[in-house]
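Colleague: below is the sequence, then the predicted model.
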Amino acid sequence: MIGVEISGAAWLRRSIIVMSMFAAGAVWAQSAPAKVDPAKGATIAAQVCAACHAADGNSTAPANPKLAGQHADYLYKQLKNFKVQPGAKQAERANAVMAAFVAPLSDADMRNLAAHFSMQTLKPSAARNKDIVELGQRIYRGGIPAKNVPACAGCHSPNGAGLPAQYPMLSGQFAEYTQSQMIGFRQGTRKNAPRMSAIAARLSDEEIQAVSDYIAGLR
């Protein structure tokens with residue numbers, strides 16, 4: 001066999017490359033999120049969330065959103081948004097009650113909670129105002145071109161299922177809760193979805209109420 005002599009400089013370069021590869025692997029291993037554990041999430045839900053959202057995420061109070069069946073990525077993002085992140089002066093989503101509940105939760109806790117609620121079966125709400133449901137349907141499916149309001153279905157899907165990691169599921173949510181969030185976006189009290197803030201700013205009270213009620217009965 002013919003030997004190949006490696007110069008000192010070449011050996012050093014090769015060593016640096018190998019060490020860099022090992023270092024990169026170590027950093028990735030440290031930064032990669034731990035595997036979620038829905039069972040641990042269920043325990044936290046029973047202890048922390050049940051009073052407002054129910055242990056299975058099917059809240060019975062319209063002021064508190066239904067979480068059952070919601071996309072895990074979306075739930076995790078919202079939980080994280082309630083926390084003041086390093087270097088920030090305030091949370092992306094201001095809510096004193098939620099801020100207090102999420103403060104002691106670790107990143108793993110929030111991911112486990114999100115996984116738990118996403119696996120639960122939604123017990124949907126229902127549309128109640130038949131006088132405005134037609135207006136709500138028109139807005140949801142076709143938007144309001146004259147106001148440059150896009151169809152809700154474009155992002156949240158025709159049946160309200162949403163799109164994981166991007167847009168939340170809306171179908172079956174309390175009309176009162178959806179309405180309050182739309183008004184929050186319009187008034188600037190909820191700021192963690194700039195696109196929604198821009199859309200809500202173009203909607204009247206009646207239009208917000210109509211589309212919120214339609215969403216409650218959407219399947």
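Modeller: Now that the structure is in, tell me what you want to look at. Numbering: from 1, shown residues only.

Colleague: list the backbone torsions phi and psi for Glu134.
Modeller: According to degrees, to the nearest 10, the main-chain angles of Glu134 amount to phi -70, psi -40.

Colleague: what segments of the protein are helices?
Modeller: For the chain, the helices defined by DSSP state H occupy 8-31, 38-44, 50-53, 72-81, 96-102, 107-118, 133-142, 153-156, 175-187, 194-200, 205-216.

Colleague: show me what the second one is packed up against.
Modeller: If I follow you right, that is helix 38-44. With contacts defined as 3 or more Cβ pairs under 8 Å, 6 or more residues apart in numbering; DSSP states H and E, helix 38-44 has these neighbours: helix 107-118. (Each C-beta comes from the backbone N, C-alpha and C, glycine too.)

Colleague: now the helix it packs on: buried residues?
Modeller: Of the residues in helix 107-118, 109-118 count as buried by neighbour count, 16 or more other Cβ atoms under 10 Å.

Colleague: okay, the angle between that helix and helix 72-81?
Modeller: 140 degrees (axes from the mean of the first three to the mean of the last three Cα atoms, to 10 degrees).

Colleague: what distance separates helix 107-118 from the centre of its chain?
Modeller: On the basis of Cα atoms, centre = their mean, to the nearest Å, helix 107-118 sits 11 Å off its chain's mean C-alpha point.

Colleague: mind checking how far Pro145 is from Arg202?
Modeller: 11 Å (Cβ to Cβ, to the nearest Å).

Colleague: who has more neighbours, the two?
Modeller: When neighbours are counted by other Cβ atoms under 10 Å, Arg202 comes out ahead of the other of Pro145 and Arg202, with 14 against 9.

Colleague: residue contacts, the more buried one?
Modeller: For Arg202, the residues meeting the contact criterion (Cβ atoms under 8 Å, 6 or more residues apart in numbering) are 144, 147-149.

Colleague: rerun at 7 Å
Modeller: If you count contacts by Cβ atoms under 7 Å, 6 or more residues apart in numbering, Arg202 has them with 147-149.

Colleague: want to try JSON lines for the residues you listed, with neighbour count and pLDDT as columns?
Modeller: Below are the contacts of Arg202 laid out as JSON lines (neighbours: other Cβ atoms under 10 Å; pLDDT from 0 to 100):
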{"residue": "Lys147", "neighbour count": "13", "pLDDT": "98"}
{"residue": "Asn148", "neighbour count": "10", "pLDDT": "97"}
{"residue": "Val149", "neighbour count": "19", "pLDDT": "98"}
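
Colleague: need these in TSV with distance to Val97, can you?
Modeller: Below are these laid out as TSV (distance: Cβ to Cβ, whole Å):
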residue	distance to Val97
Lys147	33
Asn148	34
Val149	31
